[in-house]
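> One predicted model, sequence on top.
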Amino acid sequence: MHSPGYQQLSCPPYPPILGGKKLLQKMPLCHPSGATATSLSTDVPDTECTGRNHTEPPQIPGTPSDHHTHPPGNSTTALRYGHKKLPQAIIVGVKKGGTRAVLEFIRVHPEVRAMGTEPHFFDRNYERGLDWYRNLMPRSLDRQITVEKTPSYFVTREAPRRISHMSPRVKLIVVVRNPVTRAISDYTQTLSKKPDIPSFSELAFHNRTTGEVDTSWNAIRIGLYALHLQPWLNHFPISQMHFVSGERLITDPAGEMARVQDFLGLKRLVTDKHFYFNKTKGFPCLKKPGGGGAPRCLGKSKGRTHVQINTEDIEQLREFYRPHNIKFYETVGQDFHWE
Ligand SMILES: Nc1ncnc2c1ncn2[C@@H]1O[C@H](COP(=O)(O)OS(=O)(=O)O)[C@@H](OP(=O)(O)O)[C@H]1O
């Protein structure tokens, strides 16, 4: 996890919120003390190392530090001679899909510069303007592309219009995962912060006996991918969107990242040589390039043990999502095999 300094928050505690479901909706995020932004996400590049502690320093927008990036060979050059650009590619979703893994893996590429934290510009900070947004980005050389990730964009109604207004040619990456597993992952995360919330089943179903699913609960609603995709298609051709399988990202990270690099028009430099399977974590992790130093796994909040949910509930949710999944597969022309 992050260092204590990273976790220190400068805003007051939230007022008590009544009702379990509200507790599970996204609340405005506090920011690390000293940050000038009010709503940068706490989903930071919380990579952990095998062998030594490798916590990254806090990101303070607008300061000329290089912690936005991992150090590929030419990052120093980019820092000295580069300039801040609006992103040419954005990982727009989905929450708990595997977005941090894609960002950390793609930023290994020497032609990629990435912002480490989530700026939440197109949902929470839009009124701050494009100059504010650009200033958050790391410096990059002309040939390098700038990438950011904010998974809540995918379910933000205004985001497609706002993003296309910024740049109609921006490339969009969506990391999708079985919506049932995604919902359980989302709930597990909330439960870890608020242990007193109602059970998953109480929140997921209006009526447990009839199996009527409560689509107003965010953890369920986010998984209606076909629904959320429609507004994007009013602003972007589907060819400008790339869908990463959150499942394959775990079983074959190099394969998924090859497709991401192709989509971004990058040479396939992030390959199977960069990954190893960490048995303790149960996930692929990054090898340290050149063999020196420690390898890097994502942090403890990535790859949590999920809350146990009874099989009938899971089966009912699978049934519920099936037609939505099929519509999604048809729209994107790809079968993710979530049945
Ligand atoms: N290599 C690797 N290491 C660790 N975790 C990995 C990896 N690849 C994918 N994942 C999956 O990423 C899930 C978290 O998704 P996100 O990063 O999108 O979460 S967040 O929305 O930013 O909070 C996280 O979900 P949980 O397993 O539920 O914790 C992981 O399953």
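Ah, there it is.

> now the helices for the stretch 101-250 of the chain?
130-136, 159-166, 179-193, 200-204, 218-221, 225-233, 246-251 (DSSP state H, counting those that start in this stretch).

> pLDDT value on the residue of the stretch 101-250 of the chain found nearest the ligand, please?
Here the stretch 101-250 of the chain gets closest to the ligand at one residue, residue 185, 3.1 Å apart by C-beta to the nearest ligand atom. (C-beta placed from N, C-alpha, C; glycine too.) If you check residue 185, the pLDDT there is 98.

> So what's the residue count around it?
By other C-beta atoms under 10 Å, the residues close to residue 185 number 22.

> same deal with residue 206?
12.

> For the closest residue to it other than its chain neighbours, list each beta-bridge partner.
Nearest residue to residue 206, sequence neighbours excluded (C-beta to C-beta, 6 or more residues apart in numbering): residue 212, at 4.3 Å. In this structure, residue 212 bridges to residue 207 when assessed by DSSP bridges.

> sorry, back to before: so can I have CSV of the helices of the stretch 101-250 of the chain showing distance to residue 311?
Listed next are the helices of the stretch 101-250 of the chain as CSV, based on distance: least, C-beta to C-beta, whole Å:
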stretch, distance to residue 311
helix 130-136, 44
helix 159-166, 36
helix 179-193, 11
helix 200-204, 12
helix 218-221, 18
helix 225-233, 23
helix 246-251, 19
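
> Could you give the bridge partners of residue 276?
Beta-bridge partners, per DSSP bridges, of residue 276: residue 285.

> Would you enumerate the residues in contact with it?
284-285, 287, 295 (C-beta atoms under 8 Å, 6 or more residues apart in numbering).

> Lowest pLDDT pick from those residues?
Out of these, that is residue 295, at 84.

> re earlier: the helices of the stretch 101-250 of the chain: which one's closest to residue 93?
Nearest of those to residue 93, taken as C-beta to C-beta: helix 225-233 at 7.6 Å.

> what about residue 92, which SS state?
strand (DSSP: H, G, I helix; E, B strand; the rest coil).
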